[in-house]
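Peer 1: sequence and predicted structure below; questions after.
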Amino acid sequence: MKYFYNKILFSLLLLSFAACKKNENSNTPSHSNQKNEIGYSTNLAIYKYNGYSIVKVLNPWPDANKDFTYILKEKNAAIPDSLQKYTQLSVPLQSIVVTSTTNIPFLEMLEVEKKLVGFPHTDYVSSEKTRKLIDAGIVKNVGQNERLNIEKLIDLAPEAIVTFGVDNNNPMIANLEKSGLNVIIQADWMEQSPLGKAEWIKLYAALFGKEKEGKILFDNIVKNYQDALQLVANQKAKETVLYGSMYQNQWYVAKGNSWVAKFMKDAKSNYLWADVEGSGSLGLPFEKILDKAKIAKVWIATGSFKNAKELANSNPHYVQFDAFKTKNIYTFECKLGATGGTIYYELAPSRPDLVLKDYIKIFHPELLADYNFTFAQKLN
């Protein structure tokens, strides 16, 4: 499933609460120096208290006019009166519905994929493990993201539905809540930091009572990412890089602060649009792309092309690029699951360490001579 990462960087809100007392007006959690369990994500905060956690989802979509707060309540926990107004969920959850393929790896990494009872448009799921659950009828198809089958969801009665919004008008989310279903808004797609996006595994760890396991998993990803950075620490950014391809009448390049551009920077490449401010993508006419990137050494193409001929057939002007002539073209989107889902879109956000190694292999192949690509593929 294609997800476009057009977002802005948001500064993490530091939340505080008054000291816990017995009277009704002041039995709120202490705000003195409560630790936020999240270190890289800018759109997620988790505060752990005795018997419950406070989860804050910040800047859930571009120009959002509100944030979201959820209380994850353990068995027999007492929740302060000041927090009663927020959505409460009893944890660990026994059932869940998620609506983005990027959530599937988190469930599998935590070994709670069997708690998944529904997913919209199940053909998008690539993971073999979860596909078996779908094929066995354990995971039900619950419609489309903007047209979820509320009747089926009511019948499934999941303890939580994790979904996302794209703007301040979200009638589907409102309808789910009116139907008595517990909805959690996820904003992982708004993250621009590779490690920040992956850190959303900690939300699922908190939902399923696996905070320790989640921390170990994420810390290992961080270590792998940092180890990969060390590989190129003394390398110069020598390879000039073209990114993207034509879509309708525009060529979309990744802006300099986008998730994709940060990988190319960390892998020590000379991405030609690295100086474009902002996140997300920038649409440009073909002529401007050709003028700037005709002699680029490497082309990271978008699209599920299997080979250079297929790429050229989609637009005959592509043959003008030097990277095409030298067949130095790569794509991250050609590897598909059994029913057509793109593996990169599903797995890459949760495994930035593997994405970075793929980019390093492209730009500095001598550093990873024995490494095989996880997502990338050269178009021959």
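Peer 2: Nice, thanks for sending it over.

Peer 1: roughly how far does Ala376 sit from Asn43?
Peer 2: 27 Å (CB to CB, to the nearest Å). Backbone N, C-alpha and C define where each C-beta goes, glycine included.

Peer 1: more neighbours, those two?
Peer 2: Asn43 (30 against 21; other CB atoms under 10 Å).

Peer 1: my read: that one touches Asp188, true?
Peer 2: Yes - taking CB atoms under 8 Å as the definition, Asn43 is a contact partner of Asp188 at 7.4 Å.

Peer 1: which neighbours do those two share?
Peer 2: Residues touching both Asn43 and Asp188 by CB atoms under 8 Å, 6 or more residues apart in numbering: none at all.

Peer 1: domains in this structure, by residue range?
Peer 2: Domain assignment for the chain by automatic domain parsing gives 92-222, 232-378.

Peer 1: give me the distance from the last one to the chain's centre.
Peer 2: Read that as domain 232-378. Distance of domain 232-378 from its chain centroid, counting by CA atoms, centre = their mean, to the nearest Å, is 18 Å.

Peer 1: one more: stretch 42-58?
Peer 2: 19 Å.

Peer 1: quick one: end-to-end distance for that stretch.
Peer 2: The first residue of stretch 42-58 is 8 Å away from its last residue (CA to CA, to the nearest Å).

Peer 1: and Val339, how many residues sit next to it?
Peer 2: In this structure residue 339 is Thr, not Val. So Thr339, with other CB under 10 Å, has 14 neighbours.

Peer 1: where does this structure dip in pLDDT?
Peer 2: 1-33 (pLDDT under 70).

Peer 1: helices of that one, start to end?
Peer 2: 104-109, 128-135, 150-156, 171-178, 194-198, 201-207, 211-231, 259-266, 286-293, 308-314, 322-325, 343-347, 352-363 (DSSP state H).

Peer 1: mind exporting the C-alpha coordinates of the shortest one to PDB?
Peer 2: Spelled out, it's helix 322-325. C-alpha atoms of helix 322-325 as PDB (Å, rounded to 0.1, in the frame of the first residue of the first chain):
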ATOM      1  CA  ASP A 322      23.200   8.900 -18.000                       C
ATOM      2  CA  ALA A 323      22.100   6.600 -15.100                       C
ATOM      3  CA  PHE A 324      19.800   4.900 -17.500                       C
ATOM      4  CA  LYS A 325      22.400   4.600 -20.200                       C
END
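
Peer 1: can you tell me what sits against that helix?
Peer 2: Taking CB under 8 Å, 6+ apart as the rule, helix 322-325 contacts 242, 294-299, 308, 311-312, 318-319, 329.

Peer 1: quick one, what contacts the residue lying closest to Leu354 once chain neighbours are set aside?
Peer 2: Distances taken as CB to CB, 6 or more residues apart in numbering place Thr374 nearest to Leu354, at 4.3 Å, with adjacent residues excluded. Contacts for Thr374 (CB under 8 Å, 6+ apart) come out as 351, 354-355, 357-358.

Peer 1: can you add distance to Ile54 and give the residues you listed back as CSV?
Peer 2: CSV is the format used below for these (distance: CB to CB, whole Å):
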residue, distance to Ile54
Arg351, 28
Leu354, 32
Val355, 31
Lys357, 36
Asp358, 37
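
Peer 1: is it correct that Val183 is in contact with Thr163?
Peer 2: Yes - using CB under 8 Å, Val183 is in contact with Thr163, at 6.3 Å.

Peer 1: mind listing the shared neighbours of these two?
Peer 2: 173, 176.

Peer 1: still on that earlier bit, among the helices of the chain, which is nearest Ile38?
Peer 2: helix 201-207 (6.4 Å; CB to CB).

Peer 1: so Ala274 makes contact with Gly256?
Peer 2: Yes - using CB under 8 Å, Ala274 makes contact with Gly256 at a distance of 4.8 Å.
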